[in-house]
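**Q** Quick one, what's the 3D model for this:
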Amino acid sequence: MAYDTNQLLLNFHNDKVFVDVNSLDQARARRQANRDRLERGLKKNDAPLPIEYVPQGSYAMHTMTQSDIDSSDIDDGVIFTQDSLKFSNGQDRSPLEAKKMVCDALSKDEVFNKPPEIRNNCVRIYYNDGFHVDMPVYREFKENGLSRKELASNTGWRRSSPEDITEWFNGQVTDKSPDTTNGRQMRRIVRLLKYWSKSRASWNMPSGFIISILVDEAYSSGILNRDDQVLLIVMRQIFARLSGNSNIHSPVSPYELVTKTNSVTSLEAMRTALASAIEELSKIEQSDCNELMAIKALKVIFYTNYWDQRICELESVTNDSRNRLYAEPKNPIDKQGGTGQYA
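**A** Coordinates of the predicted model:
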């Protein structure tokens, strides 16, 4: 490549994309507070208590990102036994009834300005600063001597194992990434693409889970040491993949299709946006690319003012050089004896 933007991209990742320790500590504290709040409310309502909690999603996969547009979130699955979710007459609670039980318990303290809300696949708890906690509700049962879990979804009780997703992703990152620092490269690429996908308020992009699957497909083991090169390669691979096939399946059993009508639309939006991003980032491959051109390309891609000061510095230097090149001579030209030579 004509210009090495790797350190520029790493600095941006560390400063603007990666979620710092203090933010993670706050997320953990809110997660625990909601677990405690849930159990207090369940006891008050004489409802069954969970047997386990399973952190999941971007928090468990260590792919949470900062974002000036979208809110931060954390997913914390709550597990009940199937028997405990039965009514006194032996009838099973429906998925909606199970989520309502959890929602009612979380609302018992009346501490939220916006009350907890039942969503398609979880109960969501809102905070005034934009942060939210999602609590998917599961029931666990035995099948052929093995523990199985089902998620309370809007389409019914659906077979799901949240810890399997986390184990799959963390295993892929460990197996594929050439480095062991800073979260490992494949995870950094997921974070960067998630941040990019949230960079415009008008964009309707796929979920972080789908982006993680796409990066895993596009990322080759030990691909390169430079994140800027890898990001461009992964973008190109995902663009080509979405141009030919927009069906995406879960990487773990039961390997169900995770792209529905709304996610297919978001994948089309992603493919369109990727075309522009690839065009910009490809500038670092040009033989005339310099730091200013490279930084401006990154600025456009991530829609950020992160590099503005450096851009001003570089443009100032460029303008000074141009002015010196075309400046009028400070001293008059002294011709000597008509020889055509100049002093």
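
**Q** What is the burial count for N305?
**A** The burial metric for N305, expressed as a neighbour count using other Cβ atoms under 10 Å, is 10. Every C-beta, even on glycine, is put in place using the N, C-alpha and C of the backbone.

**Q** That one - that's part of a strand, no?
**A** No - note on N305: no strand contains this position according to DSSP: H, G, I helix; E, B strand; the rest coil, which reports coil.

**Q** Okay, it and K16: tell me how far apart.
**A** Between N305 and K16 the distance is 10 Å, computed by Cβ to Cβ, to the nearest Å.

**Q** And for R31?
**A** Distance of R31 to K16, computed by Cβ to Cβ: 24 Å.

**Q** Compare those two and say which is more crowded by neighbours.
**A** R31 (19 against 16).

**Q** okay, the closest residue to that one other than its chain neighbours: pLDDT?
**A** Across the structure, with Cβ to Cβ, 6 or more residues apart in numbering as the measure, the residue nearest R31 apart from its sequence neighbours is D76 (5.1 Å). D76 is assigned a pLDDT of 95 by the prediction.

**Q** Tell me, how many residues neighbour D76?
**A** By the criterion of other Cβ under 10 Å, D76 has 25 neighbours.

**Q** Surely it and Y53 touch.
**A** Yes - contact criterion Cβ atoms under 8 Å: D76 and Y53 qualify, at 5.8 Å.

**Q** Now for those two: what residues contact both?
**A** Any residue near both D76 and Y53 by Cβ atoms under 8 Å, 6 or more residues apart in numbering counts here, and that gives R35.

**Q** Tabulate the CA atom coordinates of the host helix or strand of S263 in CSV.
**A** For S263, the element it lies in under DSSP states H and E is helix 261-281. Taking Å, rounded to 0.1, in the frame of the first residue of the first chain, the C-alpha atoms of helix 261-281 are listed here in CSV:
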residue,chain,number,x,y,z
THR,A,261,-37.4,-9.1,6.0
ASN,A,262,-36.2,-6.2,8.1
SER,A,263,-32.6,-7.4,8.3
VAL,A,264,-32.5,-8.1,4.6
THR,A,265,-33.3,-4.4,4.0
SER,A,266,-30.6,-3.4,6.5
LEU,A,267,-28.1,-5.6,4.6
GLU,A,268,-29.0,-3.9,1.4
ALA,A,269,-28.3,-0.6,3.1
MET,A,270,-25.0,-1.9,4.4
ARG,A,271,-23.9,-3.1,0.9
THR,A,272,-24.7,0.4,-0.5
ALA,A,273,-22.8,2.1,2.3
LEU,A,274,-19.9,-0.3,1.9
ALA,A,275,-19.4,0.7,-1.7
SER,A,276,-18.7,4.3,-0.7
ALA,A,277,-16.5,3.2,2.3
ILE,A,278,-14.4,0.9,0.1
GLU,A,279,-14.0,3.7,-2.5
GLU,A,280,-12.7,6.0,0.2
LEU,A,281,-10.4,3.5,2.0
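
**Q** If we go by neighbour counts, what in that helix is buried?
**A** Neighbour counts over helix 261-281 (16 or more other Cβ atoms under 10 Å) mark 263, 266-267, 269-271, 273-274, 277-278, 280-281 as buried.
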